[in-house]
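1. quick check, what structure comes out for this input:
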Amino acid sequence: MGSRLFVGLPVAPEFMARVEAWKAGHEGWPVYWVRPQDLHVTLVPPWEEAAVDEVVLKLSKVKAEAFGLKFTQISFGPESAKPARLLWALGAKTSGLFELRTRLFEALGQQPDARPFLPHVTLARFGPQNYFQIPDACLPQKVAWQIQAEKFGLYESVLNRTGARYRILHEFPLQSGLRS
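-> Purely as a prediction, here's the structure:
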């Protein structure tokens with residue numbers, strides 16, 4: 001049996017602190033808040049994998065440039081889910097992000113989802129029965145958060161009743177000033 005893996009961008013402690021401050025103003029909502037250490041931007045969605053060492057080797061060959069990523073709003077998501085089941089911070093689409101994502105899929109020999117890629121950080125999850133208990137008057141809410149993507153990580157995802165817990169198995173640096 002394999003591990004449930006995915007590739008993502010970790011967020012810095014400053015980003016975690018901004019999320020925690022926002023969360024403090026919304027306590028009492030019927031949601032499962034994502035633990036600060038589990039916040040990330042998913043680049044390659046989860047898949048089952050038995051050969052973790054081979055994945056690490058493939059990802060170690062990915063070369064891409066570091067980039068910044070801005071988050072502009074907190075809203076319900078995904079739009080395809082009716083009712084919504086997540087609270088997330090939406091990020092701006094940048095060429096650096098898409099270039100890295102393309103290189104990751106190529107290195108892993110995978111194809112991207114048919115769904116459009118929407119950069120985001122999941123802040124909380126909730127069941128459909130709780131959607132209507134969340135005061136939506138304050139959403140979407142504009143924010144001005146950002147991360148500097150200087151590395152990406154291979155994560156292991158362990159599912160539980162409140163969502164998932166994540167463990168970074170390996171981190172890979174992004175380069176400054178790289179041009180291919």
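2. what sits against residue 130?
-> Residues counted as contacts of residue 130 (C-beta atoms under 8 Å, 6 or more residues apart in numbering) are 30, 31. C-beta: built from backbone N, CA, C; applies to glycine.
3. confirm that it sits in a helix.
-> Yes. Read with DSSP: H, G, I helix; E, B strand; the rest coil, residue 130 is one of the residues of a helix.
4. could I get the full set of helices for this protein?
-> Taking DSSP state H, the helices of the chain run over residues 13-24, 52-60, 95-108.
5. just those helices: most buried one?
-> For the helices of the chain, ranked by mean neighbour count under the definition mean count of other C-beta atoms under 10 Å, the leader is helix 95-108 at a mean of 17.
6. format the CA atom coordinates belonging to it as PDB.
-> Provided in PDB are the C-alpha atoms of helix 95-108 (Å, rounded to 0.1, in the frame of the first residue of the first chain):
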ATOM      1  CA  SER A  95       3.600  33.000 -14.600                       C
ATOM      2  CA  GLY A  96       6.100  31.700 -12.000                       C
ATOM      3  CA  LEU A  97       3.400  29.700 -10.400                       C
ATOM      4  CA  PHE A  98       2.200  28.200 -13.600                       C
ATOM      5  CA  GLU A  99       5.700  27.500 -14.900                       C
ATOM      6  CA  LEU A 100       6.600  25.600 -11.700                       C
ATOM      7  CA  ARG A 101       3.300  23.700 -11.800                       C
ATOM      8  CA  THR A 102       3.900  22.700 -15.400                       C
ATOM      9  CA  ARG A 103       7.500  21.500 -14.700                       C
ATOM     10  CA  LEU A 104       6.200  19.400 -11.700                       C
ATOM     11  CA  PHE A 105       3.600  17.600 -13.700                       C
ATOM     12  CA  GLU A 106       6.100  16.900 -16.400                       C
ATOM     13  CA  ALA A 107       8.700  15.600 -13.900                       C
ATOM     14  CA  LEU A 108       6.100  13.300 -12.400                       C
END
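7. what's the angle from it to helix 52-60?
-> Here the directions of helix 95-108 and helix 52-60 differ by 140 degrees (axes from the mean of the first three to the mean of the last three C-alpha atoms, to 10 degrees).
8. just to revisit the earlier point, okay, the helices of the chain in JSON lines with distance to residue 75 and mean pLDDT next?
-> Listed next are the helices of the chain as JSON lines, based on distance: least, C-beta to C-beta, whole Å; pLDDT from 0 to 100:
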{"stretch": "helix 13-24", "distance to residue 75": "13", "mean pLDDT": "96"}
{"stretch": "helix 52-60", "distance to residue 75": "31", "mean pLDDT": "98"}
{"stretch": "helix 95-108", "distance to residue 75": "19", "mean pLDDT": "97"}
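9. tell me which of these lies nearest to residue 161.
-> Among these, the nearest to residue 161 by C-beta to C-beta is helix 13-24 (20.3 Å).
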